[in-house]
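Q: Attaching a predicted model along with its sequence, questions to come.
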Amino acid sequence: MPTTKKKAGASATEPVTELQPLTRTAPVKPRNIAAYEAAVAEFATASTLFGKGEFAEAKIHFDAVAAAASAEEPILADRARTYASICGKKTAAPDAGGSDAESYYHRGVVAVNAGRLDDAWAFLEKAVALRPGDASILYARASVRGLQGNVEGAASELKRALAIDPTFRYQAVSDSDFDGVRDEAAFIDVIEPSHAGA
């Protein structure tokens with residue numbers, strides 16, 4: 001015959017202890033608030049420099065954050081190391097190549113991505129002088145002109161690129177670099193050749 005055990009109840013002589021209320025927050029981890037705030041401020045400075053395309057200077061600040069925050073703020077340190085690595089690659093890119101068309105093209109693309117349009121144009125001028133029939137270089141030049149709001153320049157460079165490689169038309173249709181010139185007649189004539197009688 002199965003037997004069941006009964007739980008022993010609290011006797012009248014035993015004190016009943018109250019349960020501690022549960023909290024939904026984790027215990028606060030002690031840290032050096034001043035050092036943390038200084039690291040966050042330096043990270044903000046580095047981020048601003050990064051946004052301006054000043055990658056060498058930004059890397060110095062990201063490296064400092066990574067070194068200072070490693071022990072107490074591993075997430076902040078890890079993020080700083082990631083950005084420092086990106087800065088290292090961006091600053092190495094222009095020096096990685098020589099004076100050939102491909103090197104100038106890559107320098108131009110890096111400059112475009114950093115918002116340094118005049119530098120980008122100068123690099124792409126050198127690239128196209130060495131390889132005038134390269135559709136990628138011509139397309140990059142069209143992008144620079146598009147970002148500058150130069151409708152005729154963007155249309156002209158894109159038309160040259162499309163004459164060599166028509167597949168760039170599909171990219172240009174949705175490329176945000178051309179948002180500033182997309183609704184202009186000269187640009188529409190290149191993107192939609194039927195409008196130009198082609």
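A: All right, it came through fine.

Q: And the longest helix seen in the chain, what does it pack against?
A: Assignment by DSSP state H gives helix 74-96 as the longest helix of the chain. Contacts defined by 3 or more Cβ pairs under 8 Å, 6 or more residues apart in numbering; DSSP states H and E place helix 74-96 against helix 33-51, helix 55-69, helix 101-113. (C-beta placed from N, C-alpha, C; glycine too.)

Q: would a markdown table of those helices with distance to residue 87 be doable?
A: Putting those into a markdown table (distance: least, Cβ to Cβ, whole Å) gives the following:
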| stretch | distance to residue 87 |
| --- | --- |
| helix 33-51 | 7 |
| helix 55-69 | 4 |
| helix 101-113 | 12 |
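
Q: which regions of the chain lie under the pLDDT threshold?
A: Along the chain, the model assigns pLDDT under 70 to residues 1-31, 69-72, 92-98, 193-198.

Q: try 50 this time
A: For the chain, applying pLDDT under 50 flags the ranges 1, 8-11, 27, 30, 94-96, 195-198.

Q: Using CSV, write out every CA atom in the helix or strand containing residue 124.
A: If you go by DSSP states H and E, residue 124 is part of helix 117-130. The C-alpha trace of helix 117-130 is given here as CSV (Å, rounded to 0.1, in the frame of the first residue of the first chain):
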residue,chain,number,x,y,z
LEU,A,117,34.6,64.3,-52.8
ASP,A,118,37.3,66.6,-54.1
ASP,A,119,40.0,64.0,-53.1
ALA,A,120,37.9,61.3,-54.6
TRP,A,121,37.7,63.1,-57.9
ALA,A,122,41.5,63.7,-58.0
PHE,A,123,42.2,60.0,-57.4
LEU,A,124,39.6,59.0,-60.0
GLU,A,125,41.1,61.5,-62.5
LYS,A,126,44.4,59.7,-62.2
ALA,A,127,42.8,56.3,-62.5
VAL,A,128,40.8,57.1,-65.6
ALA,A,129,43.9,58.7,-67.3
LEU,A,130,45.7,55.3,-66.9
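
Q: contacting residues around the next helix or strand along the chain from it?
A: Per DSSP H and E, helix 117-130 leads on to helix 135-147 as the next helix or strand towards the C-terminus. If you take Cβ atoms under 8 Å, 6 or more residues apart in numbering as the criterion, helix 135-147 is touched by 101, 105, 108-109, 112, 117, 120-121, 124, 127-128, 131, 153-158, 160-162, 164-165, 168, 171-172, 175, 177-181.
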